[in-house]
Structures are given as structure tokens and as C-alpha cells.
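> sequence first, predicted coordinates after that:
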Amino acid sequence: MTHAAPVHSLWTTAAAAPDKIPAPHIEYGQLSPTLIVLGGAILGVLVEAFLPRRQRYGAQLFVSVLTLAAAFAAVVGLAAGDYGTGKAHVAAMGAIAVDGPALFLQGTILLVALVAVFTFAERRLDPVAHGNQVDSFAAQAAAVPGGEAEKAAVKAGFTTTEVFPLVLFAVGGMLVFPSANDLLTLFVALEVFSLPLYVLCALARRHRMLSQEAAVKYFLLGAFSSAFLLFGIALLYGYAGTVGYAGIADVVDGQVRNVTPALAGTMGNDALLLIGGAMVLMGLLFKIGAVPFHMWTPDVYQGAPTPVTGFMAAATKVAAFGALLRLLYVVLPGLRWDWRPVMWGVAIVTMLGGAIVAVTQTDVKRLLAYSSIAHAGFILAGVIATTPDGISSVLFYLAAYSFVTLGAFAVVTLVRDAGGEATHLSKWAGLGRRSPLVAAVFAVFLLAFAGIPLTSGFAGKFAVFKAAADGGAGALVVVGVISSAIAAFFYIRVIVLMFFSEPRTDGPSVAVPSVLTSSAIAIGVAVTLVLGVAPQYFLDLAGQAGVFVR
Amino acid sequence: MSFPLLTVTAAVPALGAIATAAVPAAKRAAAKWVALAFSLATLVLAAVALVRFDPGGARFQLTESHAWIADFGVRYELGVDGIAVVLIALTAVLIPFVILAGWHDADPLEGERPNRRWRPTQGFFALILMVEAMVVISFEATDVFLFYIFFEAMLIPMYFLIGGFGDRAGERSEEETATQRSYAAVKFLLYNLAGGLIMLAAVVGLYAVTADDLGTGTFSLQQIVQARASGDLSIATGTERWLFLGFFFAFAVKAPLWPLHTWLPNAMGESTAPVAVLITAVVDKVGTFAMLRFCLQLFPEASKWATPVILVLALISIIYGALLAVGQRDIKRLIAYASISHFGFIILGIFAMTTQGQGGATLYMVNHGISTAALMLVAGFLITRRGSRLIADYGGVQKVAPVLAGTFLIGGLATLSLPGLAPFISEFLVLVGTFSRYPVLGIIATVGIVLAALYVLVLYQRTMTGPVKDEVRGMPDLKARELLVVAPLIALLIFLGVYPKPLADIVNPAVDHTLSVVDEKDPKPDHPVDAGWFSYSPMHDGASGGAK
Amino acid sequence: MNPVYYLYLAALLFTIGAAGVLIRRNAIILFMCVELMLNACNLAFVAFSRLHGNLDGQIIAFFTMVVAAAEVVVGLAIIVTVFRSRHSASVDDASLMKL
Amino acid sequence: MENLIGLLVAVPLLGAALLLCGGRRLDGKGHYIGTVLAASSFAIGAVLFADMLGRGEHDRALHSHVFSWIPVGGFHADVAFQLDQLSMTFVLLITGVGTLIHVYSIGYMEHDERRRRFFGYLNLFLAAMLLLVLADNYLLLYVGWEGVGLASYLLIGFWQHKPSAATAAKKAFIVNRVGDVGLSIAIMLMFTTFGSFAFAPVLAEADRAGEGKLTAIGLMLLLAACGKSAQVPLQSWLGDAMEGPTPVSALIHAATMVTAGVYLITRSGAIFNAAPDAQAAVVTVGAVTLLFGAIVGCAKDDIKKALAGSTMSQIGYMILAAGLGPIGYVFAIMHLVTHGFFKAGLFLGAGSVMHSMNDEVDMRKYGGLRKYMPITFITFGLGYLAIIGFPGLSGFWSKDKIIEAAFAKGGTEGWILGGAALLGAAITAYYMTRVMLMTFFGEKRWVADENGNEPHPHESPGSMTFPMIVLAFGSVFAGGLFSLNDAFVKWLEPVTGHSHGDSPLSAAAVTGGTMVVLVIGVGLAWAQYGRRPVPRTAPRGSLLTRAARRDLLQDDFNHVALVQPGQYLTRGLVYVDHKLVDGVVNGTAASVGGLSGRLRKLQNGYARTYAVSMFGGTAVLIAATLLMRAV
């Protein structure tokens, strides 16, 4: 594509820049989704504090579902109110952008969270312990695994209902993350949604050692990466003298008014810009799970309680990619010629790395983890397109992918044996004979991952590749199809295992879920097929949402 | 708007698949009848389409066009030309026989406790109908993307058919059979998926180039062809070649063309005879069909550029396939390699770029479908009787089951394209078509004729003639159902061998159009005889090419 | 005094912290190294704030401290649970999941 | 009248369909149905013949266009028939002799439970052969051509339970296929040269094309002819074909199949006339084959094989004649007809002998049969006299003319060909006398076989002797009738054309020559097999004899030159396909797997390792960004 004068006019609409420092002015209406969620979270905490143990589960479920639904309604309201397109602008003193991508991603995150909450609340799968139905979370996270305290807690029928407020907090952070319009907000949001996730990871009822290990790994590496992010922010701040996206962008494009001498000095110093940009990028790529910042993914996905894994895998990616898009399209478009080649490299190694390593995986959850890495690579191809098409294709892909992921992990929670979920692939042998329906549903998800036509996976993949090809990244498309071919191999391997190999006598049984998980899976399948067969409406949505405000 | 015949033709088997799958586990038998009923309904619809199709009429007829995925420039565009409508008819004709032939293939093994939820019988027939639906719609699609979607999606049901249902173990142990089978299934899927994904890259590329020149990307075959003709759309030579290769690779895998063929023997060997027929007689045709419809018309220049290589590969396929067929010890694999050789002929005809060649290739698709079906299904009946695929395990069958042997021989004779049976005509046309432009290739290809005689007759001799083997003794002859499957196919072979004109008349205009898109003309004879010689036959008022 | 020197110091601290994360085994110490990195960032912020003569950097520093505190809460909680179940604070012991 | 032509083919075809699809209920009367239909097709032929005689000799040809067969692009083939004098001759020969053989088979196959199918095949054979000679274009001829191949395949392999029979049948078909390739290539050449392959246009305008093209077409046609007519080098199937029931051999050798090649070349005369090189090839093949067959015939103790050799050599005569061009065509056909009579007679005779000797074929186990089966002896004898060209009998007239024509070719070529023909005549006389003596004269040499039942020679039933008698009449008088004031020449001339070469020798001289060699041949045979008793086991014999017993090593040659290399090739390719073509793909898959296995080792579970990769990644990221800016 030709790089004519202000390139990012392609995807940004000018909003009036404040001429003098105005009195603080917060558009609460436009921030309502976030506010609702956080409010709900706090309410949840209060519930934990004041309601008797027995009633908490119901109350928490009620609160969180209601909160998420309300927040989603608010998002829809904003979108309907044309905040996605015409009235898109920067709210809260330049801290939060309310525009198409933000609303689209927030909507997606909220739906994902809603479905995820269903799987969180599932209480039918684990066998009844001492007359109490239990979910997949530890009775008492603080108790030593296998210790007396734990036994007592289980006996007493304790449950960690804190997960619900935790999820809501995480969601709150995620809602802000992609709409953050300055680096500070970005950083805070990152931490707001990361910290609850660290905790959630540690709460598994079965395999607690693994769960805790996952948590500690996730936490340490997460903190490590956020330190990098923060340092990057510091450098960018040093470069531009501001952390506002618009401000930085102006400086990068050299369109800044009233240049102070200090600014003039740092502006000249591209090292600050480049290094800072690279480090911020790294922070986001870590959350996305792009090679080589991906190594936490398999361990954490495997160790975390499966509902949490599903939520993480879906929602975190959405939020992180949103932030990445905004950073690259709003803050660093002027730097396009610097970061594009780098991202090319990242995308290629991510696609290939994820696909190749997945080939020899033996654990379903790790397999899905690596597949999520490969998919991150595909999405990156769309990011690199740097065209409006690229934005909308990424948005669409994220929506499609997140529901497939949720569904897949929800199915994983169903296949259990004495030790809880039977995630080792060898145990899945012959599942198709035992319970064809579950196997078929999982096959649908796998085919969607593999990008077989008539599934959302294909539509998304095509959208992204198409954008990439249009954006002059044809080579990425070729790499993409090659790694898809490799990826196809291991998805198929699972299908073969489920349908064509004899069931093992000691094989797992498929637990019959309550309406919660069933509806989660059903929604997953529905979205997968609808987005596969008739994606046009959603493509339009994504298309309209494909413009960043600045 | 008019009645959406094509959509319905594709939808009926799809509905049939759902209906069949929905039949409760206890009523296995009912599922078969449901499937058969729907396949016959499809046959009727296909017949209607064949009748309503006017050979002299527009290029694409019975067209339908609806918006679908505007963002991808994709429309739901259906339409059939002579080639497509004939192949749809072939599909619709074969499926009922496939179902009949496979009547007991998916029954629970005796002694096997039928699981309450596991319903192989329903699945088997539902999958067959699903494949039919997808094949039909990919013949109908005039939108590249629409075609691609079903070209790819069809792999899934095929894959389950191959991997899920095979011959009874027979000589080999159950688990070895199972492993062999899933190996074959995976091989099939991976080969074709790889091809498909490469094609996906080309499809995306096609979108990109059309988007560049036409503003909005499009996948409409007609629109692209017109745009190229009018010069609105110009594709750089290099790009066109890459795109062509992307498409051709997928089709060459499907067809299959040497050296991308090795999945076929495994797939056909491990699957039950009806499924093998489904693979080689129906699904693979989509590949050769797509070469005619998409490769040649979307990328005429690149097609001509690639022709020499492709012709050589086709030639290799012909002879290589035949030689390997001679070397096989397994009946089904032998037929598979024979098919590879035949597909070589088809591709040879397509890329000879002459009316005879392409017309012959089209007829070849039909005739090969029928002849292979006849041969393979009879072979299947034979194998189910004896429970072994090894040629060496048979001998003297002709003595105990003369009708079976007789039909087998006729199927074999059709395979070696004996004059009077349909395949002869297509094969000869392909040879003439090739010869008239590439004499040497044409002559080398004739070697295939001799080799065909060799592998067919050797197969017949080893299995049917000679002293009666003990295991064969007391083998029952064809039952009524089986005869009902084979007899009509043989009748078709004879009819199309004696009077192919109706078929040819439907196909010719389409072929002429294809050639006109590629901008190729038949080479003129060196010393054309006076046209007056043709006057005595009233049929020859039509364009009689070289003679006029 | 040239504020750039503060930057060098910040970079140094950051690197020390990072190196510590890479080489030390004890989770607590790892965590402290992370904190060190965060503080390096703070130093940089403040330095730049001074350089540009606007207060943003200093405000951010406060934010960072809060965040760091929150991290401590969560982090220590997790590390302690792990310690109690493993009787070891070595991150290398926590390597059940691999490959 | 035209419409009757189609019937000629349709009637026996109908018979075939009836008998093959009719099922067991027809077992009882199948053979009658078949015979009647064959006869009725002969009747139709007779009617058409009468009608044809009724018309002036230049508008005798009939043409009937049935329907347009293959119309694709410029390629037009019709199902259309053409009945001219040449076709007529064949029609009568085929249906006539064919019918007789049907009658004969009623008796011969009496005890075979698959007799119905046998007759079905016989009818199919007639139908195919009639289609061959009646087609008005080469492609339709090709249909009949391969149809004959199919029928012969079915009949030679009729006793399929005998592996030898099955093998022989397969061999016949495949060797024929090689010839057929020639024909199909010829047709393609015609199409690319003339844009048509119908007789009328192609033959009429043949000379317009370049000689090179015509030579090519001619050679391809010759290849085809070699296949069907068992000419060198494609002769090897004929001997094995004796595995079929004897009536089949009679049919193949006398009325159908092997005569097709002669028909093809005669029919395509216009092309050959314009392509001298092709003609030269034809005569060479003819000459070589006539000697080849004759020599083989001398060595065989199996009566049918001996006769087979003689057929080969007689067809050689015809091909030779046809290769001579207008001087030869007529005589080629004439010899073909007379040969049809006496060779059919001979085979039926041989069959009748075997029939009475418990299917013993070794002549060394015959002897003195003339007492036991007089009719067979007489008819066989007449056939024998005819074939060796005893003055006045059929063979004399036709063969003599051919030798004459051979000399008339002129120049050294003429001398060589004539000499070959003469030599052939001598050898013919020799081996036929040998057959005659070993079979019917001398002492009885048969004994009880291992399970003790001794053959009781007896005359065959009327259903078998009747045809033999009829054919005997033919073998005696046909030639004479044809030669009455050149009736046959006049009859065929409008189609094939005819010219008198200038022979260096007078007709009388040639006739004299033939007589001399005849006497020599007979004498030799008499000296060897008449005077002293025939040993029951064959003496080792000279090198030539032993070679001749093995058909002059033809099969050994084919085995070494074609079969073995072919087997190695296929085995090799099977290996290649498995190891190489498949191996490449599997190899790729395996290597990806290996790579994956190695890469996942990096995921060693240590958080600090992950941190390292992150740190390194960042470093790379930064470096890359800076680098991008640098360059």
C-alpha cells in the first residue's frame, strides 16, 4: 500500500483536542459497562463478607450474571447510541476511548465472561462430597493440599465463592484494557485483570499442586512482563513527555504543537521511542501468548481449573489483542515501517512454533494451549495488515475464536475419571463410541480450530488471511496455510482417537452436566456454526467497528 | 423468482442425511430405506435438471444468485453448464446403487452388543448422503469461494466413511485392520486438506487481485472471466501462475495425479467397496471437473504455460498406474491403481486443449464413474463372500458363481475400455484429441490400452478361472439385491457405448465455450477431405470442425 | 546534574532486577527482583518527569507503587500457599508441568 | 434392402444376448436357437447376394446409415454399414461356414453342460466378425475388430477350469490388443490427416495425402493385421489358441478372426497402393510368415497345432498377395475363401478324430484310422488334397494364382517372393502329407491310457459329418467355379481393382513349378512316414526340428524380451511407489514430528527458563526494531 501523508487517517477520526486544561469531567454514561462490572464485583465482595456461607453461591451467581448482562446491555446501548462510529470519542480526560473496537471487544468480553460464569458455577460434574454439590474450585484455597484443614473444609462443604467477584474484577480490567487511551490506564488495567487471574489459577479443587504451580509461574512471569511493560511506558513517556496515546502519536508523527526544549531533545532520541515501544509490545505479546513469550501458556492452561483456563484463553486474548491493535494503530502508526517487519517475524514463529510443538502433545489442555498459540499467530497476521480490513478481521476472528475455545474447554470439563478431569489424550480413545454426542461436539470445535469451511474458524481465518493479503503480507498467508496444515494434523489426531480407536476399559466416563455447562457448550456450538455459515452480519458489525478514535 | 431447482437438488440429500441420522438406534433397517428414498428423490431432481437443461441455451442455466458474505465478495451463485449437469446426473445415479450395495456394510457385527447411543448404520448412510449433497453443490457452484467451501467440507464425511467403516477383518486381526483403516483415513484427509489449504492461499490471492482491479474482490466465475476478457481485470503473469498452481495442486491431489496419488490406494483398499466407489467415481470427479471449470477458465494463460508439465505427469499417471495395477496382490488396490491410470487419461484429455480431448475427458468422467462402480461393487460382493481382498485367495469362482464372474468380467472389459462399452468412446476421444496436437504423447498413451488389458485379464484369470479353490467352493452367486445394483450399471455402460450422442450433445457446447475462454482451436487436418462426403448423414449438419 | 544519569541508574537497576529473576531460585527473592524492576521504572518516570517539567511521571510513580503493593498481596499469598504445600520456596521445584 | 444389412449383424447379436442372458431355462434348446439364428443370418446374406447380383456391377454397393454414433467437435463417427462385393464375399463365407460349424458343434459339445453359453459365444463371434466386414468406417470396424478379439477370448478360454486354456485366452487377447493399438493409431492418423476415417472419403482421397503419412498409416494397419491374422511377429497366440474346443479353432482359422487382417489390408488397398514402402513391409511379413508357419507345421505332432501352423502359412500367402497390390487383392480374397472351405473341413475332421479318440491330439498315437472313420477320412482327405493344391481342387486355383502374382511382382523382389511362395507350397505338401499319413494310414498306435480305457475309434454322428461333407464339396469345387472365366476376378474387380502384372514366367511354367515342388514335398513325407512305421515317441530330431517344435522359440523370445523385463519393472515400481513416492510424504510428516519432539524439550517446566526466553525475546525485539531503523 502507498504511504501517503498522514497514513493513520485511514483508521482514525480526528476528535477535538482540548485547547486548555478543562475541569475534570467524566462521561459516566460512556464508561457505564466498566463501572457496572466493577460495581458488581464490589457487591460480590460484600456478599462474601455478609451473607451466610450457604446462600453465597446463589447470590454470587445471581449478582455476576446480572452484572455481566447489565454491562452487556450498556455496551449495546452505547453501540446503538452510535458511540461506535459517529460519536466515537475519547472520554474521561483522555484516559478511555469509546469507539468501535472498544465497544465490540467489550461486548465480546462480556458475552465470553457470561458464558464462562456458567462453567464456573457448574456443580454437577464433581461427585457429591459429604452431601454437598461442589464445583471445580478448591474448598479452601489456603488449606494445604491433602492436609487436615482441607479435609475439614471439604467436610464442612466450604466452597470458594470468591471466584465470582474475582472474575468480575478481571472482566472489569479487561473492559478497560482495549479501550485504554493512555499508557498508564493500560498498565493499571493490565494489573487489574491479571491479579485476579493469578489467584483464580490457584483455586483448582483437583490436582491442586499443579494448580498452585500454574499460579506461581503465571504470577512471576506476569509480574516480570509487566515490569518490562512499565519500563517501556517510562521510556515512551520520556520520549514524548506524555503517556496519552494521541500525544505520543503526535510526537511520533512530528505534528506536535508548542515543542518545549526538553521535548525537542527527547523527540530527537528515537532509541527511547523504539526501545520503549518494543518493551510495551513485549508486555502485550506476553498476554497474547506469542512466541517467544508464550512459554507460560501451556503450563498455566494445564494447571488452572479448566473453567478458568477457558475464560483466560478466550477473554485475555480478546482484551490483549484489543490493546495491541490500539497501540499499533493509534500510538505507533508512524512507526509502522519499524514494527511491521518485527511483527512479521513474531507472527511467523508464533504460527509455526505453536503448530509444530502441538503435534506431539499428549494432554488435551496443553494441546489446546499450543493451538491457542498458533491462533495468536494467525490473528497477528491480521494485525500486521494495517488496514481497516485488518482491524475488523481481527475483531471478527477474536469473537469467533473465543467462543470455540470456551466450548472446547467446557467439553474438557465433562470427561472425567476417578482423579477428576481425564485430560490425558490416551484416555479419550473411543470416546465417540461411549458418548457420540460429546465427541461430535468436540469434533466440531476441533474442526473449527482447524479452519474447516462452514465453521467460524474458517470464516475468521479467511478474513484474516484476506486482510493480510490485501495488506501486502502474502507471504504470511502462505506460512499461515502451511502451519494450518500442520495444525490440522493434530486436531485430526484427536478425532481419530475419539472415533476410530477402541474404547479403553479403564476409560473416563462423561459426566452429565447441569443446564449451566450444557448451555455454555450449546452457545459455543451455535456461535461456531452461525459464524461459519452466515458470518455476514457479524462481519458488518466488525467492519463498522473497525475505526479507532484518536 | 423461479423454482430453485439446483438448491433443492443439493438440499434434498442433505435433508436426507439429517433424517437418516435421526432414525432411532433400534430401527437400523428403516435408516437404509430412508436413505434410499432420499437418494432416489435426488435422482429424480437431477433428471429434471438434465431435462430442463437446454444444450443450445445459455452458458450457465438454472442459475441462482443471492448475496451471502459481501465482505468476502462471496455470493451464493449456482448454475450448471453441460459438463456440470451431466456430472450431477452421474452422482445422482450412482448414489442409490452405492446405498444398495452397502446395504449390510454397516450392520452391527454378529455378537456385537448394539450400543444404545452408537448408531453406525444411521451414520453410514447419513454420511453417504452428506457427501452426495456436498458433491452436487460443488458441481453447481459458479462462485469460487462457494465451491471451495464444499470442496473442503466434503472431506469430513468422506473421512468418517473411510475411517469408520471398513471390510470385516478377514485374514488380518481386528486391530491391524483398525490401524490400517485409520491410517488410510488420516492419509486421505491430510493429503486433501494440504491441497485444500494451499488452494486457500490461492483463493485469498484471487480475492486480492480482483480487489485490486475491480475495486471490490469477487469470486464469481462469470464476472472474473468477463472482466478478464474485457481487460478490466488483468492479472500479472507471475501472479496468475502462482494462483493457478495453488488451485491445480488441490485438484491434482483430489484427482489424483502422479505423484500425489498414494492416498487413493490406501483409501480405496481399506474402505468398503461402496465407499471406494464414492471416492473414485464421485468425489474425485470434483477434482477433474474443477480443473475444467476453474483452472482453465480463471487462468487460461497459466494453464497453457503449465500444459507441457501436466501432460507429462498425466502420461506418467497413465502408465505408472497401469503398471502398478499389474503388480498388485490386492483386488481393491488394483482397481485403485487402475483408476489412477484412468484419471491420467482424463487429465491428459483436459489439457490437450482440443474439443475431442476435453469432450472425451468429460465423457470419461461419467463412463469411468459407471465402469469403476460396476467393477468395484462386484469386487465388493466377491470380497464380502470370501472375506479376503487378496487375489491369491480366489480361483475358479466362475465355476461356482457364473453370474458374479460374468458381471465382473463385463466390469473389467469396461475398465479396459472395450469397444461397444462406454469407456471406449471417451478413451478413444481423449487419445485422438491428444494425438491431434501432441502425436508422440498420444502414441505413448496407447501403451495404457495394452496394459489395461493385462491387469484386467490377469485379475479375471487369477480370481475367476482355473480350478475351484476350496475356500471358494459353495460361494453363493449374486443375490437379487446385488443383481439389482449391477445390472443397471452394465445396461448403462452398453447404452452409453452404443449411443452416447445425447450425452455428447449436452457436453459439446460447454467444451467449446471452455476452449474459447482458453482461446484454443482444434488443429486442422492436413488434407481435409471434401465436406461433401459427410452429406449422406443428416446428423452432420452441425459444426463438423476439421471436416469443413 | 544531568538527569540522564538517573536514567542510566534506572536502566541499571532494571537490568539487575531482571538478571536476578533469571538467576535466583527462591520465589521470594525472584519477587523482590521484580519489585526492583518496578522501582527502576519509577525512577525513570520521576527522572523524565523532571526532564519534561510536567508532573505526569511523578503521579505515575504513585500509581506504580499502588500496583506493586497489590502485586505483593496477591504474589505473597500465592507463594505462601505453594510454600506450605511444598515446604520449599524454590521455583525450580515447581516444575511438575513441562514438555 | 439397405435395412437388411443391419439385420445381418443384429440377428446373431440377438442370439448372443438371448443365450447369455437367457439363463438355465434355455439350456435345453440353446444350441438350436444359436444355429437357427446363424443360419437365418446366412439366409439374409443370400437374399442380399441375390439382390446384389441383380444389379449392375458398378452400383452394387449398398450403404445404410443407422445413426450418428460419436459427434464430438470435429470428430464424427457413425454407425453405418456398407455392403459391397468384398463385404458380400465375407458375409457369405462367415455366415455359411459359421452356420456349418454351429451344426457341427451341436454334436461336438453335446456332453458339455455349458453348451448354451458356447453357442452364445459363437453367435457373438459371428456378429462381431460381420460388424467388422460391414462397417463403413474404420472406427466401427475397430469395434468389430475388438469384438472378435473378445469372442475369441471367451471361446479359447471356454474350458476355463484348465489353467492352460485361461492363459491361452488371455495371451490371445493381449497379443491382439497390441495389434489393435496399431489400428487405433492408424485411425488417429487418418483423423489428423483427412479429418475423417470413413472408408469412402479416406480411400477416395488417399493419394492427396503425403506418402509419408500414408506409409505410416499403412504400417499401423499392417501391425493391426499382424495381430488378428497371427502374422510374424504377433503370431505367438495362434498355437496356444488350440486350447479352445475344436469347432472354435475351425471358426477362428477358417471363417473369422485370422481372415480379418487380410480384409483390412485389401479394404485399405487405396492407401497401400499409394505407399510402396508399406506394401513392401506387407509382402515381407507375408512371405516370412508363410515359411514360418509351414516350418512349424512340419514339426508338430499335435494334429491341431500342425493345422494351426498351416493356417499361419496360408494366411501368409494371402497377406503376401494383398501386399502385391492390385495384382494380388483378388487372389488373396479368393484363396481366403477356398482356404475357408478346406481349412474348416480339416479342423472339423481333426475334431471328429479327437472326438473318437478320447480327445487325444498326438498324431503319434493315431494311425490307420481310415478303416474306422471312413467319412472323416474322405472329407479330410479331400481337404488335404485341396490345401496342398492338387490340380483341379480349390487350393490349386487360388494358391497357384498367388504364386503367379508373386513372380509377377517383377524384378529380384518378384523372384524372391515367388521362390518363397513355391518353397512354401513344397513344405505345405510335406507337412500335410505327414499329417494325413500319421493319422489315417499305417498301423494303429493307440493304447489304453493309465486308467485303462482304450479309445474305440468310431465315425462321428451325422450332425458332425454333415458339415464336413458340405465343406468337402466346397474344397473340391469352389476354386474351379471361381476361376471359370475369371468369375471371381470380375466380381471383386470393381471394389479392389485388378491388374495383370507382367510375369517373367508364363502361367504354365509356374503351374509346372508348383506341380514339381508338390510331388517333391509329398514324396519326402511318404519316404519319412509312409514307408517305415512312425515311432510312438518323437525322435529328438534336428536342431531345426526342435526349434520348430517350440514354435521357432517365439515364446522364449517374448518371455526374455518382454515378459521378464515387464515383471521386473512392475515389481520395481511397486517398491518405488511404496518407499519413494510415499516415503517422501511420510518422511516430511516424521520430520515435523521429530522437530516438534525436540522443540517441546525447551518447555522444561522451569519458570526461570521461561523468563529467559522472554528476556531474550525482548532483547531480540529491541535489537530488531533498532536494526530496522538502522537499515
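The structure has been received and is ready for your questions.
> any idea how far the closest residue to B:Leu348 other than its chain neighbours is from chain D?
Leaving aside its sequence neighbours, B:Leu348 sits nearest to B:Ala314 (CB to CB, 6 or more residues apart in numbering or on different chains; 4.1 Å). (Glycine included, C-beta is placed from N, CA and C.) From B:Ala314 over to chain D the distance is 16 Å, taken as CB to the nearest CB, to the nearest Å.
> and what of A:Gly241?
A:Gly241 sits 21 Å away from chain D, going by CB to the nearest CB.
> what do you get for A:His25?
37 Å.
> from chain C, how far out is that residue?
Distance of A:His25 to chain C, given as CB to the nearest CB: 18 Å.
> go on, A:Ala41?
Counting by CB to the nearest CB, the separation of A:Ala41 from chain C is 14 Å.
> tell me which residue is most central in chain B.
With distances taken as CA atoms, centre = their mean, B:Lys285 lies nearest the centre of chain B, 2.7 Å away.
> what comes up buried for the helix or strand hosting that residue?
Per DSSP states H and E, B:Lys285 falls inside helix B:284-290. Neighbour-count burial for helix B:284-290 flags B:Asp284, B:Lys285, B:Val286, B:Gly287, B:Thr288, B:Phe289, B:Ala290 (criterion: 16 or more other CB atoms under 10 Å in any protein chain shown).
> cool, and stretch B:210-229?
For stretch B:210-229, using 16+ other CB under 10 Å, the buried residues are B:210-211, B:217-225, B:227-228.
> please name the nearest non-neighbouring residue to the residue nearest to the centre of chain B.
Among residues not flanking B:Lys285 along the chain, B:Met365 sits closest, at 5.0 Å (CB to CB, 6+ apart).
> contacting residues around the one you found?
By CB atoms under 8 Å, 6 or more residues apart in numbering or on different chains, the contact set of B:Met365 is B:Leu87, B:Leu90, B:Lys285, B:Thr288, B:Phe289, B:Ile346.
> rerun at 7 Å
Taking CB atoms under 7 Å, 6 or more residues apart in numbering or on different chains as the criterion, B:Met365 is in contact with B:Leu87, B:Lys285, B:Thr288, B:Phe289, B:Ile346.
> please apply the same query to A:Ala95.
By CB under 7 Å, 6+ apart, the neighbours of A:Ala95 are A:Asn181, A:Asp182, A:Thr185.
> next step: these restricted to helices.
Counting by DSSP state H, those place A:Thr185 in helices.
> if we can go back for a sec, chain A: which of the buried residues of stretch B:210-229 is nearest?
Ranked by distance to chain A (CB to the nearest CB), those are led by B:Ala211 at 6.2 Å.
> per-residue pLDDT of the closest one, please?
pLDDT for B:Ala211: 88.
> and the helix holding B:Lys285, what does it pack against?
Contact partners of helix B:284-290 among helices and strands, from 3 or more CB pairs under 7 Å, 6 or more residues apart in numbering or on different chains; DSSP states H and E: helix B:82-101, helix B:120-140, helix B:237-254, helix B:331-352, helix B:355-386.
> quick one: the helices in the stretch 451-550 of chain A?
Ranges of helices within the stretch 451-550 of chain A are A:456-470, A:474-500, A:515-533, A:536-544, based on DSSP state H, counting those that start in this stretch.
> what does the first one contact?
The reference is to helix A:456-470. So helix A:456-470 is in contact with A:378-379, A:381-382, A:384-385, A:387, A:389-390, A:393-394, A:396-397, A:400-401, A:404, A:448-452, A:476-477, A:480, A:527-528, A:531-532, A:535, A:539, B:72, B:204-205, B:207-208, B:211, going by CB under 7 Å, 6+ apart.
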